[in-house]
Structure formats: C-alpha cells, structure tokens
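Asks: need a 3D model of the following:
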Amino acid sequence: MERSVAVIGSFKQHNEHVQQACAALRSAGIRVTSPQGVDLVQQGVDFVRFPTDDVNWSDSAVQSLALQRIFQADLVYVVLPNGYIGRTTCYEVGRIIQVKRPIFFSERPLDLPLHLPEHCTVDVPALIHKLTDTSWQPTWLFENDADQASALERELIEGNARDD
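Replies: Residues are numbered from 1 along each chain as shown. Here you go, the predicted model:
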C-alpha cells in the first residue's frame, strides 16, 4: 500500500526546508500530493506560486486546489524551522483540523495556541519510519488525547461548543 503525504509550511520563508522534506519522503517511496512544484515563480511575494500553478487562476483558486491536494493525502506534515508557521500555513492547519485529517509537525509552532500531543511532533526520518510501517495507522490530532484542550476541540468539531 502506497502512503501519501501533503507537506505544508511557509514556502515564502522556508521553501528549501519544505523541499528537503518532500525529497526525503519521495526517496522513501512515499507519494507527496502537495506541493507539486519545487522552485518558486517569484521570490518575496505574499502568496507564492510554483510553475505548476495555472497563471490564469486567482490566488484563492490556487489555494483551494492546494487544499484539495492536501486533503487527498493520508496525512499532513507541517515543516516549521525554528517554529515559524506563517499565515497561510495557519489557515491550512485550521482547515486540516476541521476535517479531522492526521497532521504531524516538524517542531512545535510558535504563535499558534494549539495543543499538540507529544506524538505529533516528529522529524522527517521518524515520519518515514512510521509511514513505512504498514501496521501503523495515523489518527486525527485530538482523537485519543486526554488533554482538556483536545476534549474541547472534539466538542467544537462535533458542533457541541460550550458557552460557559
């Protein structure tokens, strides 16, 4: 069974690190659903694009297609050198949590008040080890965690938000 991963992170700030993770995953025989490009079209812009992105599409259309590719993966890996996450990656993490997709992080994100169970922070070699173990089944971030924040996240996703 071929496993698949979407790799996200700040392409603007850390595309080199994102691409290193993608290359290592591909070398291990793991399909990377996103990103599909390597080099950025233009440096220093707010919303980066790859040559594989349709030049006639709006930034929001490119982002929506990226989310479709992200959701096609078995899990998502967030590359966060020094904990830096960026605005677009924060948005993507929120959407990924909302649809209850498994997500793992290279480091704990700074400036994102998100409870991360210990097992959700892994480096690329550890992630590859997990993915190549055919008996391993990734789970949603808050699925089995007993922390109060995880319980509240489950309530939010199930539509049982508190007002106390």
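
Asks: ok, Glu143 - contacts?
Replies: Going by C-beta atoms under 8 Å, 6 or more residues apart in numbering, Glu143 touches Lys100, Arg154. C-beta coordinates here come from the backbone N, C-alpha and C atoms, glycine included.

Asks: Asn160 versus that one, what's the distance?
Replies: Glu143 sits 16 Å away from Asn160, taking C-beta to C-beta, to the nearest Å as the criterion.

Asks: got it, and Tyr91?
Replies: 24 Å.

Asks: the two - which one has more neighbours?
Replies: Tyr91 (12 against 9; other C-beta atoms under 10 Å).

Asks: any idea whether Val48 is helix, strand or coil?
Replies: Secondary structure for Val48, judged by DSSP: H, G, I helix; E, B strand; the rest coil, is coil.

Asks: ok, it touching His14?
Replies: No: under the criterion of C-beta atoms under 8 Å, Val48 is not in contact with His14, lying 11.1 Å apart.

Asks: give the buried residues for the helix or strand hosting Thr88.
Replies: Here Thr88 sits within helix 87-98, counting by DSSP states H and E. For helix 87-98, burial by neighbour count (16 or more other C-beta atoms under 10 Å) applies to Thr88, Thr89, Cys90, Glu92, Val93, Ile96, Ile97.

Asks: other SSEs contacting it?
Replies: strand 4-9, helix 59-72, strand 75-79, strand 103-105, helix 148-157 (3 or more C-beta pairs under 8 Å, 6 or more residues apart in numbering; DSSP states H and E).

Asks: quick one: distance of that helix to the chain centre.
Replies: Put simply, helix 87-98 sits 8 Å off its chain's centre (C-alpha atoms, centre = their mean, to the nearest Å).

Asks: what's the answer for stretch 111-123, then?
Replies: 12 Å.

Asks: hey, which helix is longest across this protein?
Replies: For the chain, the longest helix by residue count, based on DSSP state H, is helix 11-27.

Asks: name the residues of that one that are buried.
Replies: Neighbour-count burial for helix 11-27, with 16+ other C-beta under 10 Å as criterion, is recorded at Phe11, Lys12, Gln13, His14, Asn15, His17, Val18, Gln19, Ala21, Cys22, Ala24, Leu25.

Asks: and what of stretch 29-37?
Replies: Judged by neighbour count using 16+ other C-beta under 10 Å, the buried positions of stretch 29-37 are Ile30, Val32, Thr33, Ser34, Pro35, Gly37.
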